[in-house]
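[1] Let me see the structure of the following:
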Amino acid sequence: MTFNPLEQRGIPLDRQLRNWRELNVDPIDPDHCDPYTRCRIITMNGIEVEAIMFSHQLARNTVDPEVKRQLAQTRYIEAQQQKAVNWLLPGLSSVLETTIAYEQVAVDLTAWVARMEPDPYLKQAYQFGVLEDFDHLYRYANLYEMIEHRKADAIVEQLIEVMPGRPTKYHHRHPVDNVRDFYDRTRTDPLSKLHALTIMSAEQQTMNFYMNTGPTYMEPIARQLYQEIGLIEEEHVTHYESLVDPGETWWEQLVNHEYNECYLYHSFMEQESDPKVKSIWELHLNQELEHLHIACDFMRRFDGRDPEEVLAPELPNVLTFEPNKDYLRELLATQIDLTTLGAGYVRDAHERFEKLQEQIHGGEEPPSERVMAEHDAMFGREYRQETEGEHPVPELRAH
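    A predicted model of the protein is given here:
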């Protein structure tokens with residue numbers, strides 16, 4: 001069924017405000033929910049946070065007080081949406097359990113986008129990044145067993161494998177090698193714009209989460225691992241945000257943000273298994289349809305252009321959370337030894353990469369390696385979940 005959000009009217013803005021009782025959502029049950037319901041919640045929180053922060057930046061860069069007031073109204077509703085979405089997560093879950101779910105989002109969301117991306121250069125950017133998040137999941141899963149004496153399969157179930165990706169110690173690159181070439185806004189597929197905005201928002205959320213939760217741990221190895229991977233998430237945000245054409249006007253970007261929210265709420269509504277959560281996706285979609293029309297009016301007024309010039313004529317096929325095991329194994333077998341050089345990718349360590357490695361590691365093993373050594377000392381093994389057989393890279397197979 002095709003769905004064109006430009007032809008749909010949502011709930012009028014003056015009827016979108018919710019009271020405390022309506023915002024007081026019941027959280028999901030962490031022990032009985034579909035792991036992908038949790039993934040959809042985490043994804044939409046990242047999308048809403050990006051929408052709010054972008055609106056703030058736009059408001060700080062416009063002199064028109066009427067525009068500031070209009071942005072404030074829609075932004076307040078999106079702040080309510082963000083609270084309703086993020087508060088679906090249960091307080092019972094520890095920070096590490098939420099962290100593992102965040103990495104499951106990063107892996108399966110980025111892998112799906114990589115599979116669907118029509119632009120080869122953008123596809124490669126997602127393929128490169130997903131192998132790093134895959135390794136982060138593995139490191140955190142071992143930390144989780146050390147600290148909380150539970151296994152990550154209780155969170156991710158059998159939907160994703162837990163085993164080494166591109167080793168985290170090799171993710172530390174010179175900052176200039178994290179900047180990619182951007183797509184051409186005048187020629188790129190509208191789907192590519194949605195993909196780039198989605199993955200940028202998701203990685204930005206993870207970066208923010210680790211920046212703020214990492215120092216809440218007492219265990220030194222946990223504090224250190226969050227610090228290391230938090231630095232890498234900053235690299236990932238640089239990597240993904242640089243894909244977006246900076247020539248897009250503020251109003252074009254606003255329209256893209258609102259259209260992307262419609263796309264994702266519609267996608268998640270279509271596949272959600274939890275009726276309570278599905279009703280929230282449906283409500284928010286109907287709110288976002290109106291936000292999109294407001295943004296389109298801004299674009300016509302300030303850019304003198306019709307939004308149809310830059311948006312897809314109808315929503316793409318729904319973005320789907322699903323297992324990507326075979327795809328990830330193929331990437332592990334063929335791309336695990338890549339690093340970046342300028343805006344491209346190489347297999348050999350180059351001088352700038354090696355110098356940065358020497359500077360940051362200082363001749364010591366980083367926390368991502370030490371957590372594995374400490375886990376092995378505690379349990380006499382590492383934690384893995386290899387449901388499809390042994391690791392496709394012989395050097396990374398369990399000993």
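[2] mind checking how far stretch 73-84 is from the chain centre?
    Chain-centre distance of stretch 73-84: 20 Å, with Cα atoms, centre = their mean, to the nearest Å.
[3] And for stretch 252-271?
    That offset, for stretch 252-271, works out to 14 Å (Cα atoms, centre = their mean).
[4] What of stretch 41-48?
    With Cα atoms, centre = their mean, you get 8 Å for stretch 41-48.
[5] how about stretch 13-23: buried residues?
    The neighbour-count check on stretch 13-23 (16 or more other Cβ atoms under 10 Å) flags Leu13, Gln16 as buried. Using the backbone N, CA and C atoms, a C-beta is placed for each residue, glycine as well.
[6] tell me the mean pLDDT over it?
    The pLDDT scores in stretch 13-23 average 97.
[7] all strands for the protein, in order.
    339-341, 344-346 (DSSP state E).
[8] Which residues does the last one contact?
    Judged by Cβ atoms under 8 Å, 6 or more residues apart in numbering, the contacts made with strand 344-346 from elsewhere in the structure are Gln124, Phe128, Leu338, Thr339, Thr340.
[9] so which of the strands of the chain is the most packed in?
    Comparing those by mean neighbour count (mean count of other Cβ atoms under 10 Å), strand 339-341 ranks first with a mean of 20.
[10] Partner strands of that one, with direction?
    strand 344-346 (antiparallel) (DSSP bridges).
[11] The partner strand: how far from the chain's middle?
    With Cα atoms, centre = their mean, you get 23 Å for strand 344-346.
[12] Over to stretch 156-171?
    Taking mean C-alpha positions (Cα atoms, centre = their mean), stretch 156-171 and its chain are 16 Å apart.
[13] Distance across it, terminal residue to terminal residue?
    Using Cα to Cα, to the nearest Å, one end of stretch 156-171 lies 24 Å from the other.
[14] ok, and for that stretch, which residues are buried?
    156, 159-171.
[15] same check, this time on stretch 45-56
    Asn45, Gly46, Ile47, Glu48, Val49, Glu50, Ala51, Ile52, Phe54, Ser55.
[16] Kindly provide the distance from Ser192 to Tyr265.
    20 Å (Cβ to Cβ, to the nearest Å).
[17] Between those two, which is the more surrounded one?
    Tyr265 (26 against 23; other Cβ atoms under 10 Å).
[18] Leaving out chain neighbours, which residue sits closest to the more buried one?
    Leu285 (3.9 Å; Cβ to Cβ, 6 or more residues apart in numbering).
[19] Which residues lie in contact with that neighbour in this structure?
    Going by Cβ under 8 Å, 6+ apart, the list of residues near Leu285 reads Gly10, Cys262, Tyr265, His266, Met269.
[20] Considering the residues you listed, which is situated nearest to Leu143?
    Tyr265 (33.2 Å; Cβ to Cβ).
[21] Let's have the buried residues of stretch 156-171 in a markdown table, adding pLDDT and distance to Ile280.
    Formatted as a markdown table, these follow (pLDDT from 0 to 100; distance: Cβ to Cβ, whole Å):
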| residue | pLDDT | distance to Ile280 |
| --- | --- | --- |
| Val156 | 97 | 23 |
| Leu159 | 98 | 22 |
| Ile160 | 98 | 25 |
| Glu161 | 98 | 30 |
| Val162 | 98 | 29 |
| Met163 | 98 | 34 |
| Pro164 | 98 | 36 |
| Gly165 | 98 | 33 |
| Arg166 | 98 | 36 |
| Pro167 | 98 | 39 |
| Thr168 | 98 | 35 |
| Lys169 | 98 | 40 |
| Tyr170 | 98 | 40 |
| His171 | 98 | 35 |
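[22] Met299: which of the residues you listed is nearest?
    Taking the buried residues of stretch 156-171 together and measuring to Met299 by Cβ to Cβ, the closest member is His171, at 37.9 Å.
[23] Now do the contacts for the closest one.
    His171 touches Glu132, Asp135, Ile232, Glu235, counting by Cβ under 8 Å, 6+ apart.
[24] Show me which pair in these is furthest apart.
    Most distant of these, by Cβ to Cβ, are Asp135 and Glu235, 13.5 Å apart.
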